[in-house]
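> quick check, what structure comes out for this input:
(one chain, ligands or ions: 2)
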Amino acid sequence: MAELQMRADLEVGVARMDAVHAEFVNCYNALAQAPESGFVAALDDFIAHCESHFAMENEWMATTAFPGCHRAEHDRVLQVMRDIRARAQRGDFALGRQLVREIPEWFETHATGMDAALAYFLNSIGFDAQTGRPPEGWKPAGEDADAGEKPRCT
Ligand SMILES: [Fe+2]
Ligand SMILES: [Fe+2]
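Numbers count the residues shown, from 1 in each chain. Ligands and ions are numbered 1, 2, ... in the order given. Below is the predicted model:
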């Protein structure tokens, strides 16, 4: 079954995010290696990891008024996983196997795209990922300020 490795080119430069991504890789590998009898339990662990992982990034984006559709992407992926979990619970593992095949590519794209962009921004403002706080006195840019290129949600 597919195995994912935490590689240097997947690191985003925010130590706490990189550590959580290493946990993602470990949870994914446990899911990929789970026998059918343990698939739902492994998927529950993986979903629990993703809920806290995505909530951490969502919180940072909310705190810093970071624009874009990163949060919507997290929500979409969690919804797909929960739907697949319900199917696996009923004995239908086809989409579960497809999920396992597709997660490595999704994660590599997400980590090097949306997560890397967020990490770059957080580092640029001196955000403290340990406390989840921006520097004292830092304020988000006003709505009329040019915040640069904003990704479109599709
Ligand atoms: Fe992430
Ligand atoms: Fe993310």
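> show me what the helix or strand where residue 120 lies is in contact with.
In this assignment (DSSP states H and E), residue 120 forms part of helix 116-125. For helix 116-125, the external contacting residues (Cβ atoms under 8 Å, 6 or more residues apart in numbering) are 12-14, 17, 57, 60-61, 64, 66, 68, 70, 129, 134-135, 138. Placement of C-beta: from N, CA and C, glycine included.
> just the pLDDT for residue 112.
Per-residue confidence (pLDDT) for residue 112: 97.
> I misspoke; the intended subject was residue 142.
pLDDT, residue 142: 70.
> what about it, how many residues nearby?
Residue 142 is flanked by 9 other residues according to other Cβ atoms under 10 Å.
> quick one: it from residue 65, how far?
10 Å (Cβ to Cβ, to the nearest Å).
> skipping adjacent residues, who's closest to residue 29 in space?
residue 3 (5.6 Å; Cβ to Cβ, 6 or more residues apart in numbering).
> again, but for residue 140
residue 65 (3.7 Å).
> what's the burial count for the residue nearest to residue 29?
For residue 3, using other Cβ under 10 Å, the count is 10.
> tell me which element it falls in.
Judged by DSSP H and E, residue 3 forms part of no helix or strand.
> what pLDDT does the model give it?
At residue 3, pLDDT is 81.
> need the residues of the protein near ligand 2, please.
Within the chain, the residues that sit near ligand 2 (Cβ under 5 Å from the ion) are 57, 115.
> of the contacts of helix 116-125, grab the buried ones for PyMOL.
Typed into PyMOL, the line below selects the buried ones among the contacts of helix 116-125, using 16 or more other Cβ atoms under 10 Å:
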select buried, resi 12+14+17+57+60+61+64+66+68+70+129+134
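> which of the contacts of helix 116-125 fall in strands?
Secondary structure from DSSP state E places none of those in strands.
> from the contacts of helix 116-125, which land in helices?
17, 57, 60, 61, 64, 70 (DSSP state H).
> most widely separated two among those residues?
17 and 64 (13.6 Å; Cβ to Cβ).
> quick revisit: what mean pLDDT does the helix holding residue 120 have?
97.
> in that helix, what's buried?
Judged by neighbour count (16+ other Cβ under 10 Å), helix 116-125 contains these buried residues: 116, 117, 118, 119, 121, 122.
> same question for stretch 42-58.
Neighbour-count burial for stretch 42-58 flags 42, 43, 45, 46, 47, 49, 50, 53, 54, 57 (criterion: 16+ other Cβ under 10 Å).
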